[in-house]
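Engineer: what's the 3D shape of this:
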Amino acid sequence: VQFVESGGGLVQPGGSLTLSCEASGFPFGVYGMSWYRQAPGKERELVATITSGSGSREYADSTKGRFTISRDNTKKTVYLQMNSLKSEDTAVYFCNVGWKSLLTSVSGGSWGQGTQVTVSS
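Structural biologist: Purely as a prediction, here's the structure:
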């Protein structure tokens, strides 16, 4: 199982970024997917989650109304559109398999390298 995240970078407060995560090694279209983030000195937290068919999406309170999760099952890719970025969104962002929680039975504990998002003027 592999996850390859991309799309991070340095952005000013109020700006936007779109992250991508290409997954492999498991039947992508069968499972929900989630985005997580980890800021320095903090635990990894769930940011957004989406069901296998995109019928349901949920967000952390801190990102609701600003972030949008989506997926393309033909490309085995999940996206995170981030708008109105704030300094507190600065973190390394990861994707992983599972709706609302990790499915370690599928991922085997695997994580990608993540993509760094830095929000600063």
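
Engineer: Now do the buried residues in the helix or strand of the chain with the lowest mean pLDDT.
Structural biologist: In the chain, the helix or strand scored least confidently by mean pLDDT, DSSP states H and E is helix 104-107, which has a mean of 94. Judged by neighbour count (16 or more other CB atoms under 10 Å), helix 104-107 contains these buried residues: 106-107. C-beta coordinates here come from the backbone N, C-alpha and C atoms, glycine included.

Engineer: Kindly report the same for stretch 23-41.
Structural biologist: Buried residues in stretch 23-41, defined by neighbour count with 16+ other CB under 10 Å: 23, 26, 28, 31-37.

Engineer: and it, how far apart are its ends?
Structural biologist: Between the start and the finish of stretch 23-41 there is a gap of 27 Å, counting by CA to CA, to the nearest Å.

Engineer: Only the C-alpha atoms, please, for stretch 31-39, written as CSV.
Structural biologist: In CSV, the C-alpha atoms belonging to stretch 31-39 read as follows (Å, rounded to 0.1, in the frame of the first residue of the first chain):
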residue,chain,number,x,y,z
TYR,A,31,-13.0,2.3,0.7
GLY,A,32,-13.5,5.7,2.2
MET,A,33,-10.5,8.0,2.3
SER,A,34,-9.4,10.7,4.7
TRP,A,35,-7.0,13.6,4.9
TYR,A,36,-5.0,14.1,8.1
ARG,A,37,-2.5,16.8,9.2
GLN,A,38,0.2,17.1,11.8
ALA,A,39,1.6,20.4,13.0
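
Engineer: Give me the residues contacting it.
Structural biologist: 19, 21, 23, 44-52, 69, 71, 78, 80, 88-103, 106, 114, 117 (CB atoms under 8 Å, 6 or more residues apart in numbering).

Engineer: at 7 Å what do you get?
Structural biologist: 44-52, 69, 71, 78, 80, 90-99, 103, 106 (CB atoms under 7 Å, 6 or more residues apart in numbering).

Engineer: Which positions are bridged to the residue nearest the centre of the chain in the beta structure?
Structural biologist: When the chain is reduced to its mean C-alpha position, the nearest residue by CA atoms, centre = their mean turns out to be residue 35, at 2.4 Å. On the basis of DSSP bridges, residue 35 takes part in beta bridges with residue 48, residue 95.

Engineer: Before I go, just wanted to say thanks for your time.
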